[in-house]
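Trainee: how would this look folded up:
(one chain, ligands or ions: 1)
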Amino acid sequence: MKKLLLLFFVSILSFPAFPADSEVLTLYTFNDFELGYEFPVVTSNGKQIYGAKAVIEAASSTSKTNKLLHVTNPTDTIGYVALELPEGRDAIYTCKKYESFSFQLRRPSSNTETETCVLEILFGSKRVYADSEPVKRQSDKLITYTCPITKVSTNNKQMRIALLATPAEFFIDNVKFYEVAYNIDIPDKTVRYWADQMGKNFGTCVNPGISTGDTFGKTVANNFNTVVLENSMKFDATEPNRNQFNWNADGVVTFAKQNNMKVRGHTLTWHGQNPDWVSNAINAKSGAERRQEAINILKNHIFKVVGHWKGQIVEWDVVNECLNDGQNPAVGGGYSTRNWSVWYTGFGGEDYIDSAFVWAHQADPDAKLYINDYNVGMWNKEGKTRAMYNLAKRLKDAGIPIDGVGFQTHTSVGYFDPSEVELSIQQFQAIGLNVIITEMDMEGGQRNGTELIRAISDSELKTQAEKYGKLAEILLKYDCPTFMVWGVADNRSWLDCSENTKPLLFYADLTPHEAYITVRKAYQNYAVKTDVPEVEYEELVIDNEVKLDVYSITGQKVGVISSMSELQDYPAGFYIVGNKKYLVK
Ligand code: G3I
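Mentor: Next up, the predicted model:
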């Protein structure tokens, strides 16, 4: 058999835009073309081949509206059509962004053999082949062939797609690409990309030592735009001895700056994780002196800690977990705080809460200040939510500088109900308070007390994805500024057996849960739907001799340009060039 491969290059003036809100790119539907339109036909070395044709024809004699591309090559036994991608689209980018490719094919012969079609992706002179599933050939019927895109080459910016089939005659239509759900190298496949565009904080807790020198640090920097210290900004970590401060968390603040990320502060005033000297000092005194000692300790701590990171912390959890468990008040019906907390006993009442907010505000007037707690968030299912409402309203009405309420949201798949969170958000926002999610994890499986008796099931992972995604939609709908999870990978959570209950957004191997994808889709859909304000495109004049690095919004170098017009050939999205942000539409 003569193995002469003919290349039929197809070009049109304008290609469909890459749809930002869709996971499918329809590259060609031949109904869009005029009947009889003939595509230029060339060989791989650019020479015209006599007799070979690729023409738009009616799909049947009775239909003039349904059209197909008819490819014939009477001089050869192999049909071969190549469809070019839009000019300037990066082949590597495209290959990473799309995981599979499909087309519909009709064969002229009545021969009903099973045959395999071949997707060929050309990178310059290099070819990568991917076989479709074997499909039974049927004459006069369009059959869908699907091929995975598996390999990536690095040597060319142009990508073509070819189909090999024998004999050299076929009709083709509906050429489509299907996007990968996630690829760390494709910024718009991350939640971070969309959160950045909307100015939302999407984050996780981390610990000192994090660095983009390893996969874990890269995963954090690529997928999240905000971090909070799991333990290192707490009282025992920052002031282990009286008035001797420890700034172990500085490294994480630097990590955040290097990666254009924000930092939440957790936490200033809590009954937990206080060093012994605090209670020893307070308990050594009594009466007014005791109160004064507690005031001195907390005020000094807040001014020193908040002052140290002034201007670098977007939000502080000023007071953490001050409410008693198990309360179920009505709106306006009061609340109770933990009267055994060292701060309550030291101050002789709950006014430590008010003072802590005032001092934090004085120390950094730009930081947003939150009261944070667990088992709050579900308006009807968690009575403590209404206790929090009553407390937060008291603070707000008293003119205390409080910006909102943090729902920790340590929860489980079967129990969690995002619509209950929506009800709570409505209530808090009605009294002028923001709601944020500060420490989310959502376990599956089953426990008997703390003992795990069943790991998370596949169906629970699906429900988890739906519920995380639904929550993200709600947070965006109500313009909630922050959504934090309490850890990155399942095996590094504070929860026992978390590798089996899988509460977070990434598996132990740092591949994403379906829940991460649903959250990303929620952010992406919202950004597209609400048409987030676009960054102005400014023409930057560049000397032709000078090359400028192009960075993705998440700080990865993605290329080099020598004029701004070259940037417009990049895939749609945001880029940093010369310290400025540009939008490529
Ligand atoms: O630092 C010591 C270390 O020196 C020692 O060798 C080791 C031995 O166990 O313990 C280390 O301290 C642990 C600390 O985490 C740092 O790893 C504590 O025992 C341990 O209790 C502590 O747990 C933290 C917990 O807060 C303490 O209350 C978790 O990591 C942290 O995830 C968790 O976070 C809290 C939030 O702050 C508030 N909301 C609930 C959330 C989950 O409990």
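Trainee: Now do the buried residues in the longest helix along the chain.
Mentor: In terms of residue count, the longest helix belonging to the chain (DSSP state H) is helix 287-308. For helix 287-308, burial by neighbour count (16 or more other Cβ atoms under 10 Å) applies to 290-291, 293-295, 297-299, 301-302, 305-306, 308. Every C-beta, even on glycine, is put in place using the N, C-alpha and C of the backbone.
Trainee: cool, stretch 248-262 as well?
Mentor: Residues of stretch 248-262 classed as buried by neighbour count (16+ other Cβ under 10 Å): 248, 249, 252, 253, 255, 256, 259, 261, 262.
Trainee: and of the residues you listed, the nearest to residue 564?
Mentor: Nearest to residue 564 among the buried residues of stretch 248-262 is residue 259, at 25.2 Å by Cβ to Cβ.
Trainee: Using JSON lines, please lay out the buried residues of stretch 248-262 together with distance to residue 225, pLDDT and secondary structure.
Mentor: Shown next, in JSON lines, are the buried residues of stretch 248-262 (distance: Cβ to Cβ, whole Å; pLDDT from 0 to 100; DSSP: H, G, I helix; E, B strand; the rest coil):
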{"residue": "248", "distance to residue 225": "22", "pLDDT": "97", "secondary structure": "coil"}
{"residue": "249", "distance to residue 225": "18", "pLDDT": "98", "secondary structure": "coil"}
{"residue": "252", "distance to residue 225": "14", "pLDDT": "98", "secondary structure": "helix"}
{"residue": "253", "distance to residue 225": "14", "pLDDT": "98", "secondary structure": "helix"}
{"residue": "255", "distance to residue 225": "13", "pLDDT": "96", "secondary structure": "helix"}
{"residue": "256", "distance to residue 225": "9", "pLDDT": "97", "secondary structure": "helix"}
{"residue": "259", "distance to residue 225": "8", "pLDDT": "95", "secondary structure": "coil"}
{"residue": "261", "distance to residue 225": "5", "pLDDT": "96", "secondary structure": "coil"}
{"residue": "262", "distance to residue 225": "6", "pLDDT": "98", "secondary structure": "strand"}
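Trainee: I'd like those residues written out as a markdown table, with distance to the ligand added.
Mentor: A markdown table is the format used below for the buried residues of stretch 248-262 (distance: Cβ to the nearest ligand atom, whole Å):
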| residue | distance to the ligand |
| --- | --- |
| 248 | 11 |
| 249 | 13 |
| 252 | 14 |
| 253 | 18 |
| 255 | 18 |
| 256 | 18 |
| 259 | 22 |
| 261 | 19 |
| 262 | 19 |
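Trainee: could you pull out the strands for the stretch 151-300 of the chain?
Mentor: Along the stretch 151-300 of the chain, counting by DSSP state E, counting those that start in this stretch, strands occupy 160-165, 169-179, 201-206, 226-229, 262-270.
Trainee: And those strands: which comes nearest residue 68?
Mentor: So among the strands of the stretch 151-300 of the chain, strand 169-179 is nearest, using Cβ to Cβ, at 4.0 Å.
Trainee: what sits up against the closest one?
Mentor: 23-30, 57, 59, 67-73, 79, 81, 83, 94, 97-108, 142, 144, 161, 163, 189 (Cβ atoms under 8 Å, 6 or more residues apart in numbering).
Trainee: Enumerate every residue touching residue 292.
Mentor: Applying Cβ under 8 Å, 6+ apart, the residues near residue 292 are residue 285.
Trainee: What's the local residue count around residue 192?
Mentor: 27 (other Cβ atoms under 10 Å).
Trainee: cool, and the one 5 residues further on?
Mentor: Burial measure for residue 197: 21 neighbouring residues, criterion other Cβ under 10 Å.
Trainee: buried sites along stretch 411-418?
Mentor: For stretch 411-418, using 16+ other Cβ under 10 Å, the buried residues are 411, 412, 413, 416, 417, 418.
Trainee: picking up where we left off before, and the buried residues of helix 287-308, which is closest to the ligand?
Mentor: The shortest approach to the ligand among those belongs to residue 305, at 15.1 Å (Cβ to the nearest ligand atom).
Trainee: how about the closest one, what does it touch?
Mentor: 233, 238, 239, 245, 265, 268.
Trainee: Whatever residue of the chain ends up closest to the ligand: what secondary structure?
Mentor: Nearest residue of the chain to the ligand (Cβ to the nearest ligand atom) works out as residue 494 at 3.3 Å. Here residue 494 is recorded as coil under DSSP: H, G, I helix; E, B strand; the rest coil.
Trainee: so how far is residue 487 from it?
Mentor: 7 Å (Cβ to Cβ, to the nearest Å).
Trainee: where do the contact lists of those two overlap?
Mentor: residue 230.
Trainee: Give me the more crowded residue out of these two.
Mentor: Neighbour tally, residue 494 and residue 487, criterion other Cβ under 10 Å: the higher count belongs to residue 487, 23 against 14.
Trainee: so that one makes contact with residue 204?
Mentor: Yes - taking contacts as Cβ atoms under 8 Å, residue 487 lies within contact range of residue 204: 6.3 Å.
Trainee: Quick one: residues contacting residue 441.
Mentor: For residue 441, the contact set (Cβ under 8 Å, 6+ apart) comprises 409, 410, 411, 485, 486, 487, 493, 495, 498, 503, 504.
Trainee: quick one: pLDDT of it?
Mentor: With respect to pLDDT, residue 441 scores 98.
Trainee: Tell me the pLDDT of residue 47.
Mentor: On the pLDDT scale, residue 47 gets 48.
Trainee: What of residue 230?
Mentor: Looking at residue 230, its pLDDT reads 98.
Trainee: What of residue 110?
Mentor: At residue 110, the model reports a pLDDT of 66.
Trainee: Right, I'll call it a day here.
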